[in-house]
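Novice: I would like to see how this sequence folds:
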Amino acid sequence: MVEKGICFRLGRERYVHPISTIKEVLSYQSPAPVPGAPEGVEGMINVRGNMVTIMYGSHLLSLDPAECEEEGHIIVLDLPTGYVGIRVEAVERIMDLPENNDTHGLEYRDHDCIQGTIQYDNDLYILVEFDEYCAALD
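Specialist: Next comes the predicted model:
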């Protein structure tokens, strides 16, 4: 079975996250602020009776928030610790991920979430996995 990934945009870059832990993609909705929340947490929303913590994708990937202002979508992850939403500018498509993790290293950006890069239809995508990083924030 070929693993699939969801492609999204933040700032000038395109990313892909494996779809295995993604519960759903929502249109952006402004979350309620959470007093005393850690940096990077925008707030919380209620999705069909489940509370979802919304985090800025720009914060998770150490990007300049000024380059990622557009409100677009929330990617909801279903993690053992609960639901976490990642705010991104746009979700573009679902694509097949390469077999055998055939990804290329990404020398200029060292980050726990970044796994490498994928070349797909003449576009470069940065492969990310937020699961472990977000679960550790709990």
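
Novice: so the residue most central in space within the chain bridges to which residues?
Specialist: Note on the chain: the residue nearest the mean C-alpha position is residue 86, at 5.0 Å, using Cα atoms, centre = their mean. Assessed by DSSP bridges, residue 86 has beta-bridge partners residue 55, residue 75.

Novice: now residue 126
Specialist: residue 15, residue 117.

Novice: OK, contacts around it?
Specialist: 13, 14, 15, 16, 106, 109, 114, 116, 117, 118 (Cβ atoms under 8 Å, 6 or more residues apart in numbering). All C-beta atoms are positioned from the backbone trio N, CA, C, and that covers glycine.

Novice: in contact with the residue nearest to the centre of the chain, which residues?
Specialist: Applying Cβ under 8 Å, 6+ apart to residue 86 gives the contacts 54, 55, 57, 60, 74, 75, 77, 130, 134.

Novice: so which of these is the most crowded?
Specialist: Greatest neighbour count in these, by other Cβ atoms under 10 Å, goes to residue 57: 29 neighbours.

Novice: quick check: the gap between that residue and residue 130.
Specialist: 9 Å (Cβ to Cβ, to the nearest Å).

Novice: go on, residue 7?
Specialist: For residue 7, the distance to residue 130 - Cβ to Cβ - is 14 Å.

Novice: again, but for residue 119
Specialist: 22 Å.
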